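>>> just need the structure, nothing else, for what follows:
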Amino acid sequence: MLVDTARTLLASSDLFGSLPEASVARLAAAAVEAHFKDGDVLFHQGDPGDALHIIVGGVVQVSVQGQDEETVVAILGPGECVGELSLIDGRPRSATVEALEPVNTVVVPRAEFVDVIRSHVPTMEALLVTLVERLRQTDALAADISHLRTSS
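Predicted structure coming up:
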């Protein structure tokens with residue numbers, strides 16, 4: 001059951017949706033379940049980046065600690081991913097993720113993810129295209145914000 005759920009979630013996600021079926025199946029086979037209570041922290045900013053969480057049920061808050069205050073940057077729910085940056089680059093977590101209610105996730109270990117992309121060039125290419133699309137969207141958003149600031 002978990003493998004089927006993981007495969008469905010991975011295949012329908014923005015990050016993994018364009019990957020070949022064999023790669024999605026391999027990642028799904030390595031996935032494990034995790035359960036969190038309201039108020040539990042999935043991971044803290046600065047923690048090791050060792051896995052990706054795909055939210056099966058519940059809602060999480062993603063926040064970043066600045067010098068003086070914490071800023072909420074996203075509220076995410078079922079079907080959405082957290083931890084993808086660390087999954088890709090292996091660096092410490094860039095944000096803290098906290099359950100706002102009971103949350104269930106499917107966890108994809110970084111080691112399996114790295115093995116999959118290293119062993120299959122089309123998977124790596126598909127992932128790069130997805131990441132470039134996200135970066136372009138972020139650039140467009142930053143330009144919009146900059147325009148709003150200069151027109152005020």
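>>> what are the buried residues along the lowest-mean-pLDDT helix or strand in the chain?
Within the chain, confidence by mean pLDDT, DSSP states H and E is lowest for helix 121-150 among all helices and strands, at a mean of 74. Neighbour counts using 16 or more other Cβ atoms under 10 Å place T123, A126, L127, T130 of helix 121-150 among the buried residues. Where C-beta positions appear, they are placed from N, C-alpha and C, glycine not excepted.
>>> which one of those residues sits closest to S23?
T123 (4.3 Å; Cβ to Cβ).
>>> pLDDT value on the closest residue to the closest one other than its chain neighbours, please?
Leaving aside its chain neighbours, T123 sits nearest to S23 (4.3 Å; criterion: Cβ to Cβ, 6 or more residues apart in numbering). At S23, the pLDDT value in this model is 86.
>>> near S23, how many other residues are there?
21 (other Cβ atoms under 10 Å).
>>> can the buried residues of helix 121-150 go into JSON lines with extra columns for distance to R149?
Converted to JSON lines, the buried residues of helix 121-150 look like this (distance: Cβ to Cβ, whole Å):
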{"residue": "T123", "distance to R149": "39"}
{"residue": "A126", "distance to R149": "35"}
{"residue": "L127", "distance to R149": "33"}
{"residue": "T130", "distance to R149": "29"}
